[in-house]
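1. Predicted model and sequence below, questions to follow.
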Amino acid sequence: MALSKIQAESMNLADTYAFSGTVSGSGMDLLSTITASADDEIDFTGLFTSAYRDYELIGSNIHTSGDGVSVGLRVFVGGSIKSDSHYRYSRLRNYSGDATARGSAELTDTEFAQFGGRSMGNATGEHSNFRMIIYNPLGTDNFKTIESITTQVDAGTDSWNMLMSGHYKNGVTALTGIRFFVASGNIATGIFKLYGRK
């Protein structure tokens, strides 16, 4: 079949288009979608492969059953979850209840605290959204680094913006997965999508 090229000026972007087959060129491939439904934990395991160097995870419309709770992140190494005190991270945040931007840091935490949302409420309208990058989880010459940007409406209906980055420093063994969790209650609803980045 001969290749037909569509000129950009010939397309009306106000119209609706339906595409079939595979659309390539985005640089990201969707690997897994998890829809939360009163889950204690959300795990992505067995998806880090040599097909991709980096990964992006998007959390959308995340709600918790508990009030005033945060969504943390832990890593899997060799198929086992790591809750040891080898998580280091820094966080910058500002929110509508305080005009001053503030920072915090942790040298020996047992998780990447608040990477998926902080002081989350369980009332109508209160939720979090985030975009997270996991850099080279299969590399064996580096500490595993994760970066996250989170926006949310908290338990006081304040708007938050948080920029976080950190690394897991107990060796340079490849990661085999990640886990989202809350300290109390559960992740009531939300969509989690993991992409491989080329």
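-> Cool, got the structure. Numbering: from 1, shown residues only.
2. low-scoring pLDDT stretches of this structure, where are they?
-> Residues of the chain meeting the criterion pLDDT under 70: 1-26.
3. all strands for it, in order.
-> With DSSP state E as the criterion, the chain has strands at 28-39, 41-45, 54-64, 69-77, 80-81, 87-95, 98-109, 112-120, 127-135, 144-153, 159-168, 175-182, 187-197.
4. Now do the contacts for residue 89.
-> Residues in contact with residue 89 (CB atoms under 8 Å, 6 or more residues apart in numbering) are 105-106, 109, 112-113, 115, 164-167. Bear in mind the C-beta positions are built from the backbone N, C-alpha and C, glycine included.
5. Now rank those residues by neighbours and give me the top one.
-> Counting neighbours by other CB atoms under 10 Å, residue 115 leads the contacts of residue 89 with 29 neighbours.
6. how close does that residue sit to residue 163?
-> 11 Å (CB to CB, to the nearest Å).
7. same question, residue 108
-> For residue 108 relative to residue 163 (CB to CB), the value is 21 Å.
8. Over to residue 62?
-> 17 Å.
9. Those two: which is more packed in?
-> The neighbour comparison of residue 62 against residue 163 (other CB under 10 Å) goes to residue 62, with 25 against 15.
10. That one reaches residue 39, doesn't it?
-> No - if you go by CB atoms under 8 Å, residue 62 and residue 39 don't touch, sitting 10.9 Å apart.
11. Now do the shared contacts for the two.
-> Joint contacts of residue 62 and residue 39 (CB under 8 Å, 6+ apart) are residue 187.
12. What about the nearest residue to residue 184 once chain neighbours are set aside? Give its phi and psi, please.
-> Counting by CB to CB, 6 or more residues apart in numbering, the nearest residue to residue 184 once its immediate chain neighbours are dropped is residue 66, at 4.8 Å. Backbone torsions of residue 66, given as degrees, to the nearest 10, read phi -80, psi 160.
13. Residue 66: neighbouring residues, count only.
-> 17.
14. cool, and residue 94?
-> What residue 94 shows, counting by other CB under 10 Å, is a neighbour count of 15.
15. Going forward, the N-terminal residue is numbered 48.
-> Will do, 48 is the new start, and the previous item becomes residue 141.
16. Quick one: residues contacting the residue nearest to it when sequence neighbours are not counted.
-> The spatial neighbour of residue 141 that comes closest, neighbours along the chain excluded (CB to CB, 6+ apart), is residue 148 at 4.2 Å. Under the criterion of CB under 8 Å, 6+ apart, the neighbours of residue 148 are 139-141.
17. re the thing from before, quick one: the residue nearest to residue 231 and residue 228 touch, right?
-> No - the pair residue 113 and residue 228 fails to qualify as a contact (CB under 8 Å) at a distance of 11.6 Å.
18. can you list residues touching both of residue 162 and residue 210?
-> Common neighbours of residue 162 and residue 210 (CB under 8 Å, 6+ apart) are residue 195.
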